[in-house]
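*Asks:* sequence first, predicted coordinates after that:
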Amino acid sequence: MILDVELAIRFIKNRAGVLLRGTAIAALGGITLATMALVITLALMAGYRQAIAGALQRGNAHLVGFAPMGLEQDEVVEASRSIGSINGVTRVEAVSYVAGLADVAGDPGRPLPVVLKAVARPPSFTSLDRWSPGTPVESAIGAGLASHLGVGVGDHVTVRLPPGRGSWVLPGLTLKVVDIFSLAFSEFDNRWIVVPLDAILRVAPGLGIAGLEIELVDPLAVDSARTALEAAQPGLVFSDWREMNRSLFAALRWQTLSLFVVLTLVVAVASFQVSSALIVLAIDKRRTAGMLQALGATGGRIWRILTLAGIVLGGCGVLIGAGAGVMVAGVLTATRAIRFPEHLAEVYLVDHVSFIVVPSHLVGIIGVCLFLVSLASAWPALQSARRDPAE
């Protein structure tokens with residue numbers, strides 16, 4: 001086998017004609033570019049998925065325990081104590097969400113839709129340690145929303161809440177902006193206002209406490225933590241950050257798979273250049289092949305030599321393309337080349353994407369590309385090996 005590989009390399013290198021050199025370079029370049037495109041594309045999709053997952057983990061709790069009928073204050077204290085004693089739980093907070101309309105500075109007739117996240121203590125993604133009592137009510141606001149509203153730290157924002165039952169009056173809540181946060185996730189940065197829970201309950205006492213937010217040491221250990229939480233608090237309905245965004249991650253998986261299939265077809269097309277190079281190689285080296293057969297080499301051995309020549313040629317392209325793809329992905333990540341303006345960030349959900357080369361993806365790409373190159377090499381090598389040396 002080692003001799004066959006050496007002969008295959010000699011077939012490609014020694015005294016190659018102009019036509020053989022041209023087709024070999026074209027095959028090498030085509031395979032290299034196709035493999036590089038596949039590596040960069042999957043790195044982009046992996047980085048996009050990680051950017052979304054990271055933003056969701058920073059902005060949302062890792063687990064949320066919803067109470068179908070709401071929670072009373074004494075129930076919150078008891079449940080928080082029970083959940084906080086579970087191994088791996090780092091934070092438990094009562095939470096409620098309410099939609100509202102925020103008045104734009106200088107244009108109160110065109111309010112913006114917002115989501116008020118009411119929590120007892122400021123979340124970890126803000127720079128606040130605690131809420132200060134008094135009026136106006138303190139708040140932390142997303143960077144994008146602050147820009148749209150034309151406010152900064154120290155300014156005031158008026159938010160209109162949904163009317164109570166039997167009323168047409170929108171209750172207003174004046175908030176003082178004490179912190180502006182940025183999670184690099186458009187839904188949070190452009191919609192969220194974080195406020196003290198007790199302030200919301202005073203303005204809208206019928207809202208109640210929706211549930212408990214739970215943060216873990218390891219955000220990926222939600223399955224084991226969920227089992228323990230359900231045993232400790234059977235009255236709460238628990239949902240984790242992956243489940244709440246299941247459709248989004250499913251769409252990303254299908255998109256990644258679709259791009260992989262399409263670009264694999266591009267690699268398959270580029271592999272036909274290897275077939276062309278092998279045909280030219282067989283013609284260019286027909287005298288050498290005839291001498292080998294005259295010395296006792298069988299048709300099967302000639303087939304192996306020619307097939308290995310194609311695999312060596314295409315394999316070099318695959319390895320060069322994979323290495324170049326990893327290097328380009330690193331450069332694009334270091335320069336933060338993929339950044340979205342604000343109007344596109346609302347579509348893609350994040351404002352920038354890194355290129356992350358996943359080792360398992362890289363191994364899979366190299367394996368699939370080598371398989372396609374092997375298939376493209378086998379058929380022309382077989383046809384050439386069947387020819388009579390005297391022809």
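*Replies:* Yep, that arrived. Owing to the predicted nature of the structure, the values given are computational and were not obtained by experimental measurement.
*Asks:* which ones are touching Leu71?
*Replies:* Ala79, Ala94, Gly208, Ile209, Ala210, Gly211, Leu212 (C-beta atoms under 8 Å, 6 or more residues apart in numbering). (Glycine included, C-beta is placed from N, CA and C.)
*Asks:* same thing with Leu56?
*Replies:* For Leu56, the contacting residues are Phe185, Trp241, Asn245, by C-beta under 8 Å, 6+ apart.
*Asks:* phi, psi for it please.
*Replies:* phi -70, psi -40 (degrees, to the nearest 10).
*Asks:* with Val194 instead?
*Replies:* Dihedral angles (degrees, to the nearest 10) for Val194: phi -100, psi 130.
*Asks:* got it, and Gly235?
*Replies:* Backbone torsions of Gly235, given as degrees, to the nearest 10, read phi -80, psi -10.
*Asks:* and what of the one 10 residues further on?
*Replies:* Torsion angles at Asn245 (phi, psi; degrees, to the nearest 10) stand at phi -120, psi 30.
*Asks:* skipping its backbone neighbours, what lies nearest it in space?
*Replies:* Distance criterion C-beta to C-beta, 6 or more residues apart in numbering; nearest residue to Asn245, sequence neighbours excluded, is Leu56 at 5.9 Å.
*Asks:* packing partners for the one helix or strand Leu313 maps to?
*Replies:* With elements delineated by DSSP states H and E, Leu313 resides in helix 299-334, which encompasses its position. The criterion is 3 or more C-beta pairs under 8 Å, 6 or more residues apart in numbering; DSSP states H and E, and the helices and strands that helix 299-334 contacts are helix 2-13, helix 18-59, helix 246-284, helix 286-294, helix 359-385.
*Asks:* now that helix against helix 246-284, angle please.
*Replies:* For helix 299-334 against helix 246-284, the angle between stretch directions is 140 degrees (axes from the mean of the first three to the mean of the last three C-alpha atoms, to 10 degrees).
*Asks:* residues touching Asp198, list them.
*Replies:* The neighbourhood of Asp198, defined by C-beta under 8 Å, 6+ apart, consists of Ala120.
*Asks:* at 10 Å what do you get?
*Replies:* Counting by C-beta atoms under 10 Å, 6 or more residues apart in numbering, Asp198 touches Gln73, Ala94, Ala118, Ala120, Trp131, Pro133, Val137.
*Asks:* sorry, back to before: show the buried residues in the contacts of Leu71.
*Replies:* Applying 16 or more other C-beta atoms under 10 Å to the contacts of Leu71, the neighbour count classes Ala79, Ala94, Ile209, Ala210, Gly211, Leu212 as buried.
*Asks:* excluding its backbone neighbours, what's nearest the third one?
*Replies:* It refers to Ile209. Excluding the flanking residues, the one nearest Ile209 by C-beta to C-beta, 6+ apart is Leu71, at 4.3 Å.
*Asks:* from Ser96, how far out is that neighbour?
*Replies:* Shown here: Leu71 relative to Ser96, a distance of 9 Å by C-beta to C-beta, to the nearest Å.
*Asks:* low pLDDT regions in this structure?
*Replies:* For the chain, residues meeting the criterion pLDDT under 70 lie at 1-20, 108, 164-170, 281-302, 381-391.
*Asks:* regarding it, what is its longest strand?
*Replies:* Counting residues, the longest strand in the chain under DSSP state E turns out to be strand 89-104.
*Asks:* one step back: now go through the buried ones among the contacts of Leu71 and say which are in helices.
*Replies:* With helices identified by DSSP state H, the entries of those that belong to them are Ala79.
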